[in-house]
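In: Build me a model:
(one chain, ligands or ions: 1)
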Amino acid sequence: MISIKELRKEFTVEDKKIVAVDDVTLDIKRGEIFGVIGYSGAGKSTFIRLLNGLEQPTSGEVFINGKRFSHMKGESLRQARQKVSMIFQHFNLLWSRTVEENIAFPLEIAGVSKEERYDRVQNLIELVGLQGREKAYPSQLSGGQKQRVGIARALANEPDVLLGDEATSALDPETTDAILDLLVDINERLGITIVLITHEMHVIQKICHRVAVMEAGRIVEMGKVLDVFQNPQQSVTKRFVSQLTGVKDTLPTLEMLFDNYPSGSLIQLTFVGKKTEEPILTELIRNFQVSASVVHGHINETKDGPYGTLIVHIDGAESQIHEALQFLQSIDVKAEVLSNE
Ligand SMILES: Nc1ncnc2c1ncn2[C@@H]1O[C@H](COP(=O)(O)OP(=O)(O)OP(=O)(O)O)[C@@H](O)[C@H]1O
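Out: Sure, this is the predicted structure:
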């Protein structure tokens, strides 16, 4: 669906070269919700702007639906861009137009007749749940409602791809979840491919099928969300994942625990899917002569099922602890012995 090959974007500022996107190659499948996560300055905005032709690459190519999107110009770029639309952090609505006029705007530009415009706008208003607010102006809407207008407007020309540039970053957690649910609904109902850039792991966890982690212009890690969560490789990915599991927040407590429990081991267990519901600790205590107490626990729901993190203190004979760890591995629970170094 979207094929990106050796994409590179350089900027020159006061004779200094900045490589904002550095040799990115990846394929995004039709109907997929694909997330790109990275800290500020990683190159996410530049990357997404390259996907909709707002920036031209220094080198490399973007193909959408088999068509070479990068390097297009003029009328062909304008037409191609109708099939790739975008929603923004600050909504980018026209303040002097009502909800329905905002949504109709791209249809006017595309030359759609008045009657058809009316029908399509009514359908879109229903799709995004804005019935009754048709005549309101953006200043009269909440943040979540504004983003619903942004989404309806982005869908007006029936695009194949919807791009989201930090689409929920300006919203409170509850509204964020409602907008993310709407995006999943749209993805499932219309089969539209969605690419989101974000610095929030919550967004990735809640709705993405796959994630790419971006750092200094490069994709440093990529995979199915659950796989990346369970087995983060790069330190930047580990930082994002720990943000979500809350493990980072417990670190001072861990340090205290290392002081308080000089014997035994502190072990971080990571498990996915059905295993989150199984009584793993009960089995440990029953089958091995160890004691196990929970220090920290967290379960997150992802699109492909639950993902859990548990930090336990296990005490007992070294050989028993060793066997307990082997048992965990045999049932596909990742067990990492934490150290205080
Ligand atoms: N038009 C531009 N001219 C010069 N440098 C730019 C331009 N756009 C981006 N950059 C630089 O490219 C790098 C990547 O920026 P980009 O905005 O793509 O990152 P980001 O991950 O989206 O971060 P943020 O979330 O803070 O916007 C930064 O060093 C930035 O200063």
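In: as a whole number, average confidence for the helix or strand containing Gln243?
Out: Taking DSSP states H and E as the criterion, Gln243 maps to helix 235-245. The average pLDDT for helix 235-245 rounds to 86.
In: same question, stretch 121-136
Out: 96.
In: quick one: the closest residue to the ligand within the stretch 151-300 of the chain from Gly41, how far?
Out: Residue nearest to the ligand within the stretch 151-300 of the chain (C-beta to the nearest ligand atom): His199, separated by 6.3 Å. For glycine as for every other residue, the C-beta is placed from the backbone atoms N, C-alpha and C. Per C-beta to C-beta, to the nearest Å, His199 is found 10 Å from Gly41.
In: With Ala167 instead?
Out: Counting by C-beta to C-beta, the gap from Ala167 to Gly41 is 19 Å.
In: ok, now Ile18?
Out: 10 Å.
In: same deal with Ser242?
Out: In terms of C-beta to C-beta, Ser242 sits 20 Å off from Gly41.
In: The two: which has the busier surroundings?
Out: Ser242 (17 against 12; other C-beta atoms under 10 Å).
In: Contacts only, for the residue of the stretch 151-300 of the chain closest to the ligand.
Out: His199 makes contact with Ile37, Gly38, Tyr39, Ser40, Lys44, Glu166, Ser169 under the criterion C-beta atoms under 8 Å, 6 or more residues apart in numbering.
In: Setting aside sequence neighbours, what's the nearest residue to the second one?
Out: Distances taken as C-beta to C-beta, 6 or more residues apart in numbering place Met214 nearest to Gly38, at 3.5 Å, with adjacent residues excluded.
In: Checking that neighbour next. Helix, strand or coil?
Out: Met214 carries the three-state label strand when classified by DSSP: H, G, I helix; E, B strand; the rest coil.
In: which sections of the chain are below the confidence cut-off?
Out: Residue ranges of the chain with pLDDT under 70: 246-254, 273-278, 340-341.
In: what's the domain layout of it?
Out: Here the domain assignment for the chain is 2-243, 246-338, based on automatic domain parsing.
In: and those domains, which is most packed in?
Out: Looking across the domains of the chain with neighbours counted as mean count of other C-beta atoms under 10 Å, the highest average goes to domain 2-243: a mean of 18.
In: is it fair to say Glu221 lies in a helix?
Out: No. Going by three-state DSSP, the assignment for Glu221 is strand, not a helix.
In: Strands of the stretch 1-150 of the chain, residue ranges please.
Out: 2-13, 16-28, 33-37, 59-64, 67-68, 84-88 (DSSP state E, counting those that start in this stretch).
In: Put the alpha carbons of stretch 68-79 into PDB.
Out: C-alpha atoms of stretch 68-79 as PDB (Å, rounded to 0.1, in the frame of the first residue of the first chain):
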ATOM      1  CA  ARG A  68       5.400   7.100  -7.200                       C
ATOM      2  CA  PHE A  69       4.100   9.900  -4.900                       C
ATOM      3  CA  SER A  70       7.400  11.600  -4.200                       C
ATOM      4  CA  HIS A  71       8.700  14.000  -6.900                       C
ATOM      5  CA  MET A  72       5.100  14.600  -8.200                       C
ATOM      6  CA  LYS A  73       4.300  18.100  -9.000                       C
ATOM      7  CA  GLY A  74       1.300  20.400 -10.000                       C
ATOM      8  CA  GLU A  75      -2.000  18.800 -10.900                       C
ATOM      9  CA  SER A  76      -0.900  15.200 -10.500                       C
ATOM     10  CA  LEU A  77       0.300  16.000  -7.000                       C
ATOM     11  CA  ARG A  78      -2.900  17.800  -6.200                       C
ATOM     12  CA  GLN A  79      -5.000  14.800  -7.300                       C
END
